[in-house]
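Trainee: this is a predicted model, with the sequence first.
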Amino acid sequence: MPSTSSPVTVLGLGLMGTALASALVKAGHPTTVWNRTAAKTGPLAAQGATPADTAKDAIEAAPLVIVCLTTNDDVRTLLAPESEALAGRTLVNLTNGTPSQARELAAWAEAHGITYIDGGIMAVPQMIATPAAYILYSGTDEAAFEAHRATLTVLAATKWVGKDPGLAALHDLALLTGMYGMAAGVAQAYALIGSEGIPAREFAPLLEDWVAGMTHAIVPETAEAVDTDQHLTDVSNLAMNRAAFPNFLQAYAEQGLRPDLFAPFQGLLDRAVEEGYGADGLSRLVTLLKQD
């Protein structure tokens, strides 16, 4: 396992890439940085990082190369010409992407003698190097991950999710799906309460307590129902939800609000009941989301 002073390279200095590089510098790692817009290296150089003139120079400066760009297309475009420089090194890709993109990059890396680890950052830049952050990792070479784990832990807590390179991205997107679903509900709730002039800050404590309580109940209960395929409920079944849901859409219309975030839910409830699942709980919707 490398010492805490092992050298690292960071390619890509957006808000997240800068936060990653800064954390490494502060932890005592010799950190080489590169960005297409060279001016972004200035603040990190002031902290002690070493700017590189080219991506190749940056790659050759360390055995561990971390890349954090906007898209995986950007990653492929940047790294394809540098396959020889990357050969024999460990490449950790912390760019948000899909499972298939991660697998494609892993295959490309393997063909060029590059050890590839994919990662999903579960944090915003301000959370990096704090106890609240963690990063998901996956890849075919778990030993390489373990060899660099001490360094990666500087960035955030680490969680290995499997040898399929696509699993980090899968977990990342699944967690973000839950977050966006919550954000959509919160947005619609504030719009509805605000339609009568009630300040969001006044309503926030009620909403926070309600969402937290429902999360603690719904998340584990749904997981159990999905894994056991036991969806029957005597609490609030799909037939009841289907009957009540038009009230939401009607209220949004009457209060002058768009139903965009919620309207598709009605169609899913209709389908569930029409297919004979009216007595089941909301967990049944998980199975209905699978494409035929």
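Mentor: Good, I have the coordinates.
Trainee: what are the ranges of the strands in this protein?
Mentor: 8-11, 31-34, 50-51, 64-67, 90-93, 115-122, 134-138, 157-160 (DSSP state E).
Trainee: ranking those strands by burial, who's on top?
Mentor: strand 8-11 (a mean of 29; mean count of other CB atoms under 10 Å). C-beta coordinates here come from the backbone N, C-alpha and C atoms, glycine included.
Trainee: so who does the nearest residue to residue 157 once chain neighbours are set aside touch?
Mentor: Distances taken as CB to CB, 6 or more residues apart in numbering put residue 134 closest to residue 157, at 4.0 Å, once the chain neighbours are dropped. Going by CB atoms under 8 Å, 6 or more residues apart in numbering, residue 134 touches 122-123, 156-159.
Trainee: what pLDDT does residue 134 get?
Mentor: Residue 134 carries a pLDDT value of 98.
Trainee: distance of it relative to residue 152?
Mentor: As judged by CB to CB, to the nearest Å, residue 134 and residue 152 stand 11 Å apart.
Trainee: now do the shared contacts for those two.
Mentor: Residues touching both residue 134 and residue 152 (CB under 8 Å, 6+ apart): residue 158.
Trainee: so where's this protein shaky on pLDDT?
Mentor: Low-confidence segments of the chain (pLDDT under 70): 1-4.
Trainee: mind running it again at 80?
Mentor: Across the chain, the ranges flagged by pLDDT under 80 are 1-4, 291-292.
Trainee: which residue lies farthest from the center of it?
Mentor: residue 254 (36.1 Å; CA atoms, centre = their mean).
Trainee: contacts only, for that residue.
Mentor: Counting by CB under 8 Å, 6+ apart, there are no residues that residue 254 touches.
Trainee: all further residue positions should be reported with the first residue as 33.
Mentor: New numbering, starting at 33: the last item is residue 286.
Trainee: can you map out the helices along this protein?
Mentor: 47-58, 74-79, 87-91, 104-111, 115-118, 131-143, 174-179, 181-184, 199-226, 232-260, 270-286, 295-306, 316-320 (DSSP state H).
Trainee: okay then, goodbye and thanks.
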